[in-house]
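K.L.:
Dropping a prediction and its sequence here:
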Amino acid sequence: MLHRRTAVLAFGATALAAPRIGRAADTTGITAAEIRIGNTAPYSGPASAYGTIARAEAAYFRMLNEQGGIAGRRIAFISYDDGYSPPKTVEQVRRLVEQDKVACLFQNIGTACNSAIVRYANQRKVPHLFIGSGADKWGSYQDTPWTIGWQPSYRIEAQIYTHHMLRELPRARMALLYQNDDFGKDYLLGVRDVLKDRFDAVVTTASFEVTDPTIDSQVLSLQRSGAEVLLTAATPKFAAQAIRKVFDIGWRPALHALTNVSISAGTVMLPAGAEKGVGIVTSAYLKDPTDPGWKDDPGMRAWRDFMQRYYPEGDLADAGNVFGYGIAATMAQAIRQCGKDLSRERLMREAANLKALDVPVLLPGVRVDTSPTNYHPIRQMQLARWTGSTWERFGEVIEGAPAS
C-alpha cells in the first residue's frame with residue numbers, strides 16, 4: 001500500500017509537454033499488424049452499471065477487426081476491472097502501460113479514477129483519450145495536453161439546468177444532491193456560475209460518498225429544506241435510489257433535473273420504477289434507444305444490428321451501450337486519420353483534429369469537433385423529459401462553452 005501511494009504522488013513530479021511530431025516517434029504498442037489500446041472500467045463495485053460501456057466498446061473493436069481492422073492493423077483492446085476505485089485504477093493503468101505496453105489509454109471510466117492517473121499518463125506521454133467522464137477539467141489542453149474528454153462538460157450541464165430553472169421557476173429554491181468527488185462538485189460549480197452571489201440564499205446541498213449504502217438521509221434532509229427544485233448529480237446506483245426515495249416519501253419537486261450520466265432506462269429509470277421518474281428533466285446528446293422516434297433512423301438501425309451480432313447479451317434499453325458504440329466510433333476515426341503513420345504523438349494529434357465528425361448515434365445537430373485548443377469534443381445538448389417509458393426531447397439544441 002505504501003508503494004502504491006508513493007507511485008501516485010510521483011506521477012505529478014515531471015513537467016508536462018504537448019505532443020510534438022518532430023522528435024523520434026514513439027510507437028510503443030503499435031506494429032504493422034496491431035495497435036494495443038488500454039482501458040479500465042467498473043465491471044464490479046458501486047458503478048458496475050457502467051461496465052456494459054466497455055463491453056460494447058470491445059464488441060465494436062471486434063467488429064472492426066472482422067472487417068479487416070484499420071489501415072491493415074487489428075485492434076487489441078485490453079480492458080481491466082478497477083471496481084470504480086482510484087487506487088485500483090492506478091494499479092491497472094500501470095499494468096497496461098508498463099506490462100501490456102499499450103499505445104494509448106481509451107475511455108477509462110470515472111472522474112475520480114481518471115484524476116488518479118492523469119498526471120501519470122501525461123508524464124509518460126501516453127495518449128489518454130476520450131475519457132469516460134464529463135469533468136470540465138478534461139478540456140485543459142494547456143495543463144494536460146495528453147488527455148482529452150468526449151462527452152459534454154458536467155459544469156456546462158449544470159449551468160443549463162440552472163438557467164432552465166430560472167426561466168421556468170424564477171423564485172424557486174434548489175436542493176442539490178451530489179457525489180462528493182470531482183464529478184459531483186462540477187455540478188456545484190456550474191450552479192454557482194449562474195447564481196453567483198445568490199447561491200447561498202437559493203441552494204441547499206447534500207453530498208454523499210460512493211461507498212455509502214444509500215442516500216436516503218440526504219434526500220430526507222433536502223426535502224426538509226422546502227426546495228421546489230431538485231438537481232441530482234449521482235452515478236446510476238444512487239440516481240435510482242434518489243428517484244425511488246423522492247417518490248416514496250411524497251416529495252414532488254416542481255422540477256427534478258438529473259445528470260445525463262444516469263438516464264439509462266435499463267439501469268436507472270426502470271429499476272427505480274418507471275412511473276416514479278415521470279417528469280424528470282435531463283440533457284441529452286445521444287439518441288435514446290427506448291425512443292420509438294428512432295425506430296427507422298439509419299444510425300440506430302446500424303446500432304441495433306451491431307448489438308444483435310456482436311453483443312447479443314447487451315441490453316437494448318441501456319443507453320450505456322449507445323455511448324460505448326459512439327465513443328468507440330470516435331476512437332476509430334482518430335486511428336483512421338493517422339493512416340499508416342501511426343505513433344503515440346500522431347494519435348494524440350489526430351484526436352485533437354476531428355472536424356465536425358458525424359457519429360450516427362449522436363442527436364441531430366450534435367457533432368464531435370476538436371482542435372489543439374478545444375479538448376471538449378461534444379458541446380451540444382438538448383433538454384429531455386422522462387415520460388414513463390422514454391425520454392422526450394424539447395426545446396432547441398443548446399451549445400455551451402467550457403466554464404474553466
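P.N.:
Cool, the structure landed.
K.L.:
Kindly export the helix or strand containing Asn321 (C-alpha atoms) in CSV.
P.N.:
Take DSSP states H and E as the rule and Asn321 turns out to sit in helix 319-338. Output of helix 319-338 as CSV, limited to C-alpha atoms (Å, rounded to 0.1, in the frame of the first residue of the first chain):
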residue,chain,number,x,y,z
ALA,A,319,-28.0,3.9,-23.1
GLY,A,320,-24.6,2.9,-22.0
ASN,A,321,-24.4,0.6,-25.0
VAL,A,322,-25.2,3.5,-27.3
PHE,A,323,-22.5,5.6,-25.5
GLY,A,324,-19.9,2.8,-25.9
TYR,A,325,-20.7,2.4,-29.6
GLY,A,326,-20.4,6.2,-30.2
ILE,A,327,-17.2,6.8,-28.4
ALA,A,328,-15.6,3.7,-30.0
ALA,A,329,-16.5,5.1,-33.4
THR,A,330,-14.8,8.3,-32.4
MET,A,331,-11.7,6.4,-31.4
ALA,A,332,-11.7,4.5,-34.7
GLN,A,333,-11.8,7.8,-36.6
ALA,A,334,-8.8,9.2,-34.8
ILE,A,335,-6.9,6.0,-35.7
ARG,A,336,-8.1,6.1,-39.3
GLN,A,337,-6.9,9.7,-39.7
CYS,A,338,-3.3,8.5,-38.8
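K.L.:
quick one: Arg155 from Ser262, how far?
P.N.:
For Arg155, the distance to Ser262 equals 17 Å [CB to CB, to the nearest Å]. (Glycine included, C-beta is placed from N, CA and C.)
K.L.:
Over to Pro127?
P.N.:
28 Å.
K.L.:
Look at the two and report which has more neighbours.
P.N.:
Pro127 (29 against 26; other CB atoms under 10 Å).
K.L.:
right, and that one touches Glu350 too?
P.N.:
No. Look at Pro127 against Glu350 with CB atoms under 8 Å: they stay out of range, at 9.7 Å.
K.L.:
Which helix or strand lies directly C-terminal to the helix or strand bottoming out on mean pLDDT in the chain?
P.N.:
The weakest-scoring helix or strand in the chain, judged by mean pLDDT, DSSP states H and E, is helix 2-10 (a mean of 30). Using DSSP H and E, the helix or strand that follows helix 2-10 in sequence is strand 34-41.
K.L.:
next SSE after that next one?
P.N.:
Scanning onward from strand 34-41 (DSSP H and E), the first element met is helix 51-66.
K.L.:
What average pLDDT does that next one get?
P.N.:
What helix 51-66 shows for mean pLDDT is 98.
K.L.:
next one: stretch 224-231
P.N.:
pLDDT averaged over stretch 224-231 gives 98.
K.L.:
Map the structural domains onto the sequence of the chain.
P.N.:
Per automatic domain parsing, the structural domains of the chain span 2-152+299-373, 154-284+383-399.
K.L.:
Least reliable of those domains by average pLDDT, please.
P.N.:
domain 2-152+299-373 (a mean of 91).
K.L.:
Looks like Asp81 contacts Ser44 (just checking).
P.N.:
Yes. Contact status for Asp81 versus Ser44: in contact at 5.6 Å, counting by CB under 8 Å.
K.L.:
what residues are shared contacts of those two?
P.N.:
With contacts defined as CB atoms under 8 Å, 6 or more residues apart in numbering, the residues shared by Asp81 and Ser44 are Gly51.
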